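Trainee: Got a predicted structure plus its sequence, pasted below:
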Amino acid sequence: MQQLVIITGLSGAGKTVVLRSLEDMEFYCVDNLPINMLEQLAENVIADKEFYPKVAVGIDIRSKNQDLVAFKDLIKSIDQSQIIIKIIFLSADKNTVLKRYSETRRRHPLSTDQHNFSLTEAIKLESDLMEEIKQEADLIIDTTQLKAQQLKQQIWQIMSERNDDVAVIIKSFAFKRGVPFDADFVFDARCLPNPYWQAELRSLTGLDEAVQDYLATEDVVNEYLDDLSYFAKKWIKKFEANDRSYITIAIGCTGGQHRSVYLVEALHKYLEKKSIKNMKQHRELN
């Protein structure tokens, strides 16, 4: 079945990077499409299945306000028995967006002579206006801590997955660098023994056998992993029954190097054995 991927979100969060990545994946890409033209585009795509097997559309704040509000109804109006629609919303925290605009010297779409908003005001207003679309997203990606190449890799990984089941994204992170706000579930592993305090393990990561052996011998780690695995298996099925396309599970520890990485790797293997498709990401190791 044909695919229509809608890339949207905050200005400065990486929509251009994602669209270029999808173009490399042989998607037919259209940037800055007015929302009120979305239904017409979908009809044209469906009418020519051979030429448009995969289409990606970029939508941003430059659409009219009333169209942003009507986005949900517009999506419903498209015949989804003919085409698979996925909505990916890109976000980042205010300070990161401010920094990106300062580095590139670009003007925010709402910070123009016509609107007369400061950059800070424009970012806040855009976040409020885009909330309606964000609520409809199948997947929210927090790009705050991601470099362009990391975002590209993540998109390639996500879009390479099949579309018939819910996809689980498991990511490790460091609490000291902030909790990823694209997570549906956040688990804190800081209560577990920390390999960092073992001199011979300090420079290693949860991907190294020595760290894995150390954590695997700790009863409290195994108990934590058992509870985490049971929770994930049970609730993934609940989300799947509710027609969710993606679930993001974030596991954090202090530095995002040992415990969280080990747990992500272990949970990944467990879900694979249960035939639950998932992809793993280690934010700090990248």
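Mentor: Now that the structure is in, tell me what you want to look at.
Trainee: pLDDT weak spots in this protein?
Mentor: 64-67, 112-115, 161-165, 240-244, 286 (pLDDT under 70).
Trainee: Helices of that one, start to end?
Mentor: 15-24, 38-47, 65-69, 71-77, 94-104, 119-129, 131-135, 148-159, 209-216, 219-241, 259-273 (DSSP state H).
Trainee: In this structure, which residue is most central in space?
Mentor: The centroid of the chain falls nearest to Ile141 when counting by CA atoms, centre = their mean (2.6 Å).
Trainee: How much space separates it from Thr254?
Mentor: 24 Å (CB to CB, to the nearest Å). (Each C-beta comes from the backbone N, C-alpha and C, glycine too.)
Trainee: coming back round to it: I'd guessed the residue nearest to the centre of the chain sits against Ala92; true?
Mentor: No - using CB atoms under 8 Å, Ile141 is not in contact with Ala92, being 9.3 Å away.
Trainee: Determine the residues that are contacts of both of the two.
Mentor: Taking CB atoms under 8 Å, 6 or more residues apart in numbering as the criterion, Ile141 and Ala92 both touch Gly14.
Trainee: Tell me the spacing between Ala137 and Thr143.
Mentor: Distance, Ala137 to Thr143, by CB to CB: 14 Å.
Trainee: hang on, I meant Leu192
Mentor: Distance from Leu192 to Thr143, by CB to CB: 29 Å.
Trainee: same deal with Glu200?
Mentor: Relative to Thr143, Glu200 is positioned 36 Å away (criterion: CB to CB).
Trainee: Tell me which of those two has more neighbours.
Mentor: For Glu200 and Thr143, the more surrounded residue by other CB atoms under 10 Å is Thr143, and the numbers stand at 27 against 10.
Trainee: you'd agree the more buried one is up against Gly14?
Mentor: Yes - contact criterion CB under 8 Å: Thr143 and Gly14 qualify, at 4.6 Å.
Trainee: between those two, what contacts are shared?
Mentor: Leu90, Ala92, Leu151.
Trainee: Quick check: of those residues, which lies closest to Glu103?
Mentor: Nearest to Glu103 out of the shared contacts of Thr143 and Gly14 is Ala92 (CB to CB; 13.2 Å).
Trainee: neighbours around the closest one, how many?
Mentor: Around Ala92 there are 24 residues (other CB under 10 Å).
Trainee: Domain map for this structure?
Mentor: By the assignment in automatic domain parsing, the chain contains the domains 2-159, 167-282.
Trainee: Can you list the buried residues in stretch 193-203?
Mentor: For stretch 193-203, a neighbour-count test (16 or more other CB atoms under 10 Å) marks Asn194, Pro195, Tyr196, Leu201 as buried.
Trainee: Repeat that for stretch 166-185.
Mentor: Those would be 166-175, 180, 182-183, for stretch 166-185 by 16+ other CB under 10 Å.
Trainee: again with stretch 35-49
Mentor: Quick answer for stretch 35-49 (16+ other CB under 10 Å): Ile35, Leu38, Glu39, Leu41, Ala42, Val45, Ile46.
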